[in-house]
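*Asks:* Make a model of this:
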Amino acid sequence: MTQHSGTLSDFLHGFKRIFEPAAPTPVASAHGADEGQLPMQEVKNFELALQQLRQRAVALHAAQQQTSLGTSTLVSPLSPKASPAAAQQPLEVVHNQVRADILALHTQLQTHMALEEIQHVQALMHELDAVVLGTSGKDMEQRLRAAAINRLVQECAPLAWHALLTLMARAQVSWPAPTGLSPHDDERAVQVAWKRELAELEEAFVASSLERSADRALGVVKVWGTYYPSPDSSVWKRIVIQAVGCGILGYLLSVAVAKLRGDLTDLTVRVEHVLHEELATMQKVIQGGVSSVADADALIASATHLCEEVVPTMAWEAAMPDVHKALQRFDA
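*Replies:* Sure, this is the predicted structure:
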């Protein structure tokens, strides 16, 4: 074991702190501090080395008159479709009505998810979303936590969508007809419209933020305010169906997080190993002097890949067996 391994093991113990609510910023911790503190000197060293590399890369680019990095064109998100006109009702009444329809569909599809459990997973999704949104300008621990959460969502969302479609097919529940169909459309045009709309619904579901998924789990659509569509409209029915999918997603995430909050010694060792190796490489290069733009950029890319891809992949691989096993709940 290296001189820093004990510290990093404490920091990553059980890997569970990555998924726990962020603790108040502690005073500097000494090696061998209590587990309740955050002894993370090696992780801080890793972050410092990465900052030094980035600063050096900027200087090298400037020396080569490459200060203009250009700007990427940001694709504006599609504006939400205006909700159909409806008489304004007290918000609590509307929410209670859509919630009742959602719970009824859960029962019809036999998800075995009652209101209490849905509220629990909804709260968890809001909690995880707060972690992801709080990463800007934060330390390495926070960014690792957010990257791991994003990976869990990336993996669990398609599984939840597939489970929803399977339950619907088994219960013979159909999506409302696609919008914009003409009575004169032939069978082929109708099928194309169905396929396109389902693809768009899936894309939106998988790409949804945790906040949106949490809200939708109980039918909350903030952009509508109190102007919800009529309960017999196709828009209302789509929201109810999607809500069941969001509940399933929350359940799968709760299973994954429970696994990662447990005692995962093997995962801790693996994460410790890759972080320590990357840190050693960066420190060696920095001490020797970084004179090449390509070398600096390569090291930064490697460290970024480690934080955004490698460690989150380890987290998902640890949780994946439990998540797939949890899907059996919907086979009954």
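*Asks:* okay but residue 143 is in contact with residue 307, surely?
*Replies:* Yes: at 6.0 Å, residue 143 counts as touching residue 307 under the criterion of CB atoms under 8 Å. For the C-beta atoms, the positions are set from N, CA and C on the backbone; glycine is no exception.
*Asks:* So for residue 174, what's the pLDDT?
*Replies:* On the pLDDT scale, residue 174 is placed at 93.
*Asks:* Over to the one 5 residues further on?
*Replies:* The score at residue 179 is 75. That number is its pLDDT.
*Asks:* now do residue 13
*Replies:* We note a pLDDT of 42 for residue 13 in this prediction.
*Asks:* Beyond the one helix or strand residue 148 maps to, next helix or strand please.
*Replies:* Following DSSP states H and E, the helix or strand that holds residue 148 is helix 140-171. Following helix 140-171 in sequence order, the next helix or strand is helix 187-207 (DSSP H and E).
*Asks:* Could you check the angle that next one makes with helix 140-171?
*Replies:* 150 degrees (axes from the mean of the first three to the mean of the last three CA atoms, to 10 degrees).
*Asks:* Could you pull out the buried residues of helix 187-207?
*Replies:* Neighbour counts using 16 or more other CB atoms under 10 Å place 193, 197, 201, 202, 205 of helix 187-207 among the buried residues.
*Asks:* ok, now how distant is the spatially closest residue to the last one that is not a sequence neighbour from residue 199?
*Replies:* The spatially closest residue to residue 205, leaving aside those adjacent along the chain, is residue 161, at 5.4 Å (CB to CB, 6 or more residues apart in numbering). The gap separating residue 161 from residue 199 is 11 Å, by CB to CB, to the nearest Å.
*Asks:* burial of residue 112, as a residue count?
*Replies:* Applying other CB atoms under 10 Å, we find 12 residues neighbouring residue 112.
*Asks:* which one among the buried residues of helix 187-207 gets closest to residue 173?
*Replies:* residue 201 (14.2 Å; CB to CB).
*Asks:* Contacts only, for that closest one.
*Replies:* Counting by CB atoms under 8 Å, 6 or more residues apart in numbering, residue 201 touches 175, 238, 242.
*Asks:* Could you check how far the first one is from residue 236?
*Replies:* Spelled out, it's residue 175. 13 Å.
*Asks:* try the last one
*Replies:* Relative to residue 236, residue 242 is positioned 11 Å away (criterion: CB to CB).
*Asks:* Nearest to residue 127 among the buried residues of helix 187-207?
*Replies:* Distances from residue 127 to the buried residues of helix 187-207, taken by CB to CB, are shortest for residue 205, at 20.5 Å.
*Asks:* hang on, isn't the closest one packed against residue 159?
*Replies:* No: the criterion here is CB under 8 Å, and residue 205 misses it with residue 159 at 11.5 Å.
*Asks:* so what's the residue nearest the centre of the chain closest to, chain neighbours aside?
*Replies:* Central residue of the chain (CA atoms, centre = their mean): residue 150, 3.0 Å from the mean position. Closest residue to residue 150 apart from its sequence neighbours, by CB to CB, 6+ apart: residue 132 at 6.4 Å.
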